[in-house]
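Visitor: my questions concern the predicted model and sequence given below.
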Amino acid sequence: MRIHELMKLIDKYYAGIDKKLTVCNDKPGVDGEGRRVGLYADNDGFRVDEYTEPGSSWYSFHTCHFCREGGAVYYFLNRSVYKEELHKHSFPEYEVLCRTNDHGLKIPYGVVMSLEGVWNVYIGDETLLYIKDTSVKTLRDAVDYFDSVVDGNEAIKLIVKRFVRDNGQI
């Protein structure tokens, strides 16, 4: 999933007046209340920068740098603090997909989510698949179904393998 695709989903689904998370596709400033998160490209990769509320006892700046654009998106979606906030405000149900790399680290490589009644599976930076099997009703069913597809499809396995190999946090 690309950053601009995530931004479209946030603009469309993250609703409500008491939102505590601001997401942008540029370096976030320190103004405003709550958490401000920027997902953006820089000179040699992609960043997820987070500022928390100035003046509070938990004010901080946190940054993570990724080789691949999807890595920044999946890192953001996989953070429990963001996931909890998004779900409070009408964001679609989703689960981040992870695989263990050669160093024993769990690397997020994709996300399964239901958009307008269709199960969408984003993997790597640019691959979008749809689950057309009508027996898949729940998020858990969709994740299990996709796991079985990955195991049986060499092309998808290769996309996942390369993404996990290339997407270490730097």
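Guide: The structure has been received and is ready for your questions. Residues are numbered from 1 along each chain as shown.
Visitor: for stretch 15-26, what is the average pLDDT?
Guide: Mean pLDDT, computed over stretch 15-26, is 79.
Visitor: show me where pLDDT drops low in the protein?
Guide: Counting by pLDDT under 70, the chain contains low-confidence ranges at 29-34, 53-61, 168-170.
Visitor: again, 80 this time
Guide: 15-20, 27-36, 44, 51-63, 167-170 (pLDDT under 80).
Visitor: grab the most central residue of it for me.
Guide: With distances taken as Cα atoms, centre = their mean, residue 74 lies nearest the centre of the chain, 2.8 Å away.
Visitor: what sits against the residue nearest to it when sequence neighbours are not counted?
Guide: Excluding the flanking residues, the one nearest residue 74 by Cβ to Cβ, 6 or more residues apart in numbering is residue 108, at 3.5 Å. Any C-beta I mention is one placed from the backbone N, CA and C, and that applies to glycine too. Shown in contact with residue 108 (Cβ atoms under 8 Å, 6 or more residues apart in numbering): 71, 74, 75, 77, 78, 96, 97, 98.
Visitor: neighbours of residue 66, just the number please.
Guide: By other Cβ atoms under 10 Å, 21 other residues sit near residue 66.
Visitor: wait, it sits on residue 167?
Guide: Yes - at 6.3 Å, residue 66 and residue 167 qualify as touching, with contact defined as Cβ atoms under 8 Å.
Visitor: so the residue nearest to residue 74 is in which element?
Guide: strand 106-115 (DSSP states H and E).
Visitor: so after that strand, what's the next helix or strand?
Guide: Moving toward the C-terminus from strand 106-115, the next helix or strand (DSSP H and E) is strand 118-123.
Visitor: what's downstream of that next one, the next helix or strand?
Guide: strand 127-131.
Visitor: mind listing the strands that next one pairs with, and their directions?
Guide: In the sheet, strand 127-131 lines up against strand 118-123 (antiparallel) (DSSP bridges).
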